[in-house]
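>>> Any chance you can model this:
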Amino acid sequence: VRLVESGGGLVQPGGSLRLSCAASGFTFSNYAMSWYRQAPGKERELVAVISRAGGRTNYADSMKGRFTISRDNAKNTVYLQMNSLKPEDTAVYYCYTRFSNGVSSYDYWGQGTQVTVSS
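Purely as a prediction, here's the structure:
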């Protein structure tokens, strides 16, 4: 299993970025996917989740209306469109999925991509 994030960078407040997470090594369309983030000195927090087919999404309250998670199962890729970015959105953003067979579960993380919102 491999998750590789890209698209991070430096952006001014109010700007936009689109993150991508390319997945490989598993049947991507069989698993829900998530984005998490971790700011310096803070715990990792959930940003958004998308269902296997992409029909259902869920967001942390502070991201609702600004961030959009989507996926392309043909490309084995999940995206995070981030608009109206704020300095407090500065963090390392991680792609995540979990495999569960009802008895045990396995968590997989990407290496993360840095997003810095600053003027």
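
>>> rest of the way, CA atoms for contacts and neighbours
Fine.

>>> if I look at the residue nearest the centre of the chain, how far off is V92?
The C-alpha lying nearest the average C-alpha coordinate of the chain belongs to W35 (Cα atoms, centre = their mean; 2.3 Å). Separation of W35 from V92 (Cα to Cα, to the nearest Å): 10 Å.

>>> same thing with Y59?
17 Å.

>>> Is there a neighbour count for L80? I'd like the number.
L80 is flanked by 22 other residues according to other Cα atoms under 10 Å.

>>> coming back round to it: who are the neighbours in contact with the spatially closest residue to the residue nearest to the centre of the chain that is not a sequence neighbour?
Among residues not flanking W35 along the chain, C95 sits closest, at 4.8 Å (Cα to Cα, 6 or more residues apart in numbering). C95 is in contact with 3-5, 21, 33-36, 109-110, 112, counting by Cα atoms under 8 Å, 6 or more residues apart in numbering.

>>> Repeat the analysis, applying 7 Å as the threshold.
With contact taken as Cα atoms under 7 Å, 6 or more residues apart in numbering, C95 is in contact with 3, 5, 21, 34-36, 109-110.

>>> returning to what we had before: in the sheet, who's paired with the residue nearest to the centre of the chain?
A48, C95 (DSSP bridges).

>>> mind listing what it touches?
Per Cα under 7 Å, 6+ apart, neighbours of W35: 46-49, 93-96.
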